[in-house]
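Sequence plus the predicted model coming up.
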Amino acid sequence: MTKTQLHYELDRPLDETLMERVADAHRLFGMLRVQPVESPGGEWNKLVVDYDASRLTLAQVEAALHRAGLAARRKA
């Protein structure tokens, strides 16, 4: 297993519906964790994604986020 961690900024803060979609993205085999992160201002507008790079590519991870309706930009 090759655990890889990525950080994303969301286009809009998470609401209840989007929080449920985070769980949907997590269901993909090889996706280890999709964790919402609260900003200092109290908005849930970031994600930390841990995945198994021996099972998934970056494109597959980002496609899973997109399918779940999570508009996110990867932070460098």
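Yep, it's here.

What is the least confident helix or strand in this protein?
helix 16-26 (a mean of 87; mean pLDDT, DSSP states H and E).

What are the buried residues along that one?
L18, R21, V22, A25, H26 (16 or more other C-beta atoms under 10 Å). (Each C-beta comes from the backbone N, C-alpha and C, glycine too.)

With distance to D11 as extra columns, can I get these in a markdown table?
Below are those laid out as a markdown table (distance: C-beta to C-beta, whole Å):
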| residue | distance to D11 |
| --- | --- |
| L18 | 10 |
| R21 | 13 |
| V22 | 14 |
| A25 | 15 |
| H26 | 19 |
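
And those, which is closest to A59?
A59 lies nearest to A25 out of the buried residues of helix 16-26, by C-beta to C-beta, at 14.3 Å.

Please name the nearest non-neighbouring residue to the closest one.
Leaving aside its sequence neighbours, A25 sits nearest to A68 (C-beta to C-beta, 6 or more residues apart in numbering; 4.0 Å).

just the helices in the chain please.
16-26, 58-67 (DSSP state H).

In the sheet, which residues pair with R73? Tell me.
Note on R73: beta-bridge partners by DSSP bridges are E9.

right, I mislabeled it, should have said Q35
Beta-bridge partners, per DSSP bridges, of Q35: V48.

That one: how many residues sit nearby?
13 (other C-beta atoms under 10 Å).
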